[in-house]
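1. Sequence below, structure please.
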Amino acid sequence: MKKNIFKLLSGFVLVALVLAACTPATQAPTATTAPTQPPPTAAPTTAPAFTGKVCEVTDTGGVDDKSFNATAWAGAQGAGKTLNWEAAYLESKQQTDYEKNINEFLGSDCDLIVTVGFLLGDATSAAAKANPDQKFQILDFAYADPHDNVWQQVYATQEGAFLAGYVAASQTKTGKVGTFGGINIPPVADFMVGFQEGIEYYNAQHGTSVELLGWDNANKDGLFTGDFSDQDKGKTFGQNLIDEGADIVMPVAGPVGLGTAAAVKENPGVMLIGVDTDWFVSAPEYQDIVLTSVLKHLELSVQSAAKAVADGSFKGGLQVATLANGEIGIAPFHDFDAAVPQSLKDELKQVTQDIIDGKIKVNSFSTLP
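-> Modelled structure (predicted):
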């Protein structure tokens with residue numbers, strides 16, 4: 001994407017865990033509709049007619065990626081239940097499906113078309129300009145030029161990642177924690193930038209010297225698998241970081257991170273930090289290794305946009321999710337709660353408030369010096 005877009009959005013976050021590797025589609029994608037009313041338990045009755053329709057186009061990670069797309073789909077389903085709307089999705093098997101899937105929904109009476117991810121920026125822009133009466137929402141992207149019919153949702157994930165880095169620095173036994181990403185683009189790198197700054201802040205506050213492997217803010221670069229779907233790569237990258245001494249790993253690579261979780265589980269004493277959604281919930285097979293997760297509440301974003309369409313208040317333009325508005329955060333410590341001392345939990349509350357109040361400045365990839 002053009003560099004001038006990143007500069008224009010300096011100070012905001014083009015956040016997200018986007019993309020996935022482009023794998024050949026075996027068949028044309030078809031729309032899937034989720035029922036928003038419970039099935040009848042007695043004699044069949046006529047269900048109330050839907051009053052609207054929210055339509056999601058996924059990126060190539062798929063709707064069941066246990067992360068980015070799945071969280072957005074949960075939001076679409078939630079909006080359907082709340083508004084009595086039909087909820088439908090089309091999965092993009094490869095990047096060439098983006099335009100095709102959007103066009104299919106343009107002919108499906110969608111009140112809101114939600115496109116998930118940074119790479120759908122061009123296809124969404126073209127469709128929005130060609131169809132000014134259609135309302136869109138794009139997650140993890142914003143435009144330099146006016147798009148009055150597009151709700152452009154970005155996420156200050158660096159703020160949540162800062163908290164995760166602070167926690168990781170407090171919990172490591174080896175003095176080393178690790179991270180890697182899918183591709184070095186701002187929505188991925190923002191996690192890593194904040195993670196490093198959180199570790200460094202903990203070091204400054206406690207006189208420690210915890211080291212981050214896999215990313216360097218000074219060079220704006222680090223470890224990347226080059227895709228968002230190959231779990232074998234995730235396992236390899238995770239194991240390599242563990243071999244280098246990391247006992248906490250944060251993969252920022254969608255389903256690739258599930259491979260990392262498998263590696264972590266094979267190494268007793270190592271913990272995982274999830275991204276986008278609470279991995280303790282979304283990947284229950286790994287509950288015993290999940291320290292916490294950096295939360296991006298895409299489900300709230302989708303529901304907010306759908307509600308705005310329904311009540312007539314929808315406006316295009318930039319929307320930013322932050323700690324302050326509750327759309328960014330970290331998940332509970334779950335099984336590790338007893339291992340995290342109350343003193344650290346109290347520090348986290350203060351750090352969170354200091355970020356909200358602007359006393360602690362957290363850089364995004366775009367604002368790194």
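2. Break down the stretch 51-200 of the chain into its helices, ranges please.
-> Ranges of helices in the stretch 51-200 of the chain, per DSSP state H, counting those that start in this stretch, are 68-83, 97-106, 121-130, 157-171, 186-206.
3. As TSV, those with mean neighbour count and mean pLDDT would be great.
-> Yep, even glycine has a C-beta here, placed from its N, CA and C like the rest. Output for the helices of the stretch 51-200 of the chain, formatted as TSV (neighbours: other Cβ atoms under 10 Å; pLDDT from 0 to 100):
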stretch	mean neighbour count	mean pLDDT
helix 68-83	24	94
helix 97-106	20	98
helix 121-130	18	98
helix 157-171	28	98
helix 186-206	24	97
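4. Nearest to Ala218, out of these?
-> helix 186-206 (9.5 Å; Cβ to Cβ).
5. helices or strands up against the closest one?
-> Counting contacts by 3 or more Cβ pairs under 8 Å, 6 or more residues apart in numbering; DSSP states H and E, helix 186-206 packs against helix 157-171, strand 176-181, strand 211-213, strand 215-216, strand 248-252.
6. and that helix, C-alpha only, in PDB?
-> Written as PDB, here are the backbone C-alpha positions of helix 186-206 (Å, rounded to 0.1, in the frame of the first residue of the first chain):
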ATOM      1  CA  PRO A 186       1.700  -2.000   9.900                       C
ATOM      2  CA  PRO A 187      -1.300  -4.000  11.200                       C
ATOM      3  CA  VAL A 188       1.000  -6.800  12.200                       C
ATOM      4  CA  ALA A 189       4.000  -4.800  13.200                       C
ATOM      5  CA  ASP A 190       1.900  -2.600  15.600                       C
ATOM      6  CA  PHE A 191       1.600  -5.600  17.900                       C
ATOM      7  CA  MET A 192       5.300  -6.100  17.900                       C
ATOM      8  CA  VAL A 193       6.100  -2.500  18.400                       C
ATOM      9  CA  GLY A 194       3.900  -2.200  21.500                       C
ATOM     10  CA  PHE A 195       5.100  -5.500  22.800                       C
ATOM     11  CA  GLN A 196       8.700  -4.300  22.800                       C
ATOM     12  CA  GLU A 197       7.900  -1.000  24.400                       C
ATOM     13  CA  GLY A 198       5.900  -2.800  27.200                       C
ATOM     14  CA  ILE A 199       9.000  -5.000  27.900                       C
ATOM     15  CA  GLU A 200      11.300  -1.900  27.900                       C
ATOM     16  CA  TYR A 201       8.900   0.000  30.200                       C
ATOM     17  CA  TYR A 202       8.900  -3.000  32.700                       C
ATOM     18  CA  ASN A 203      12.700  -3.100  32.500                       C
ATOM     19  CA  ALA A 204      12.900   0.600  33.300                       C
ATOM     20  CA  GLN A 205      10.500   0.300  36.200                       C
ATOM     21  CA  HIS A 206      12.000  -2.800  37.800                       C
END
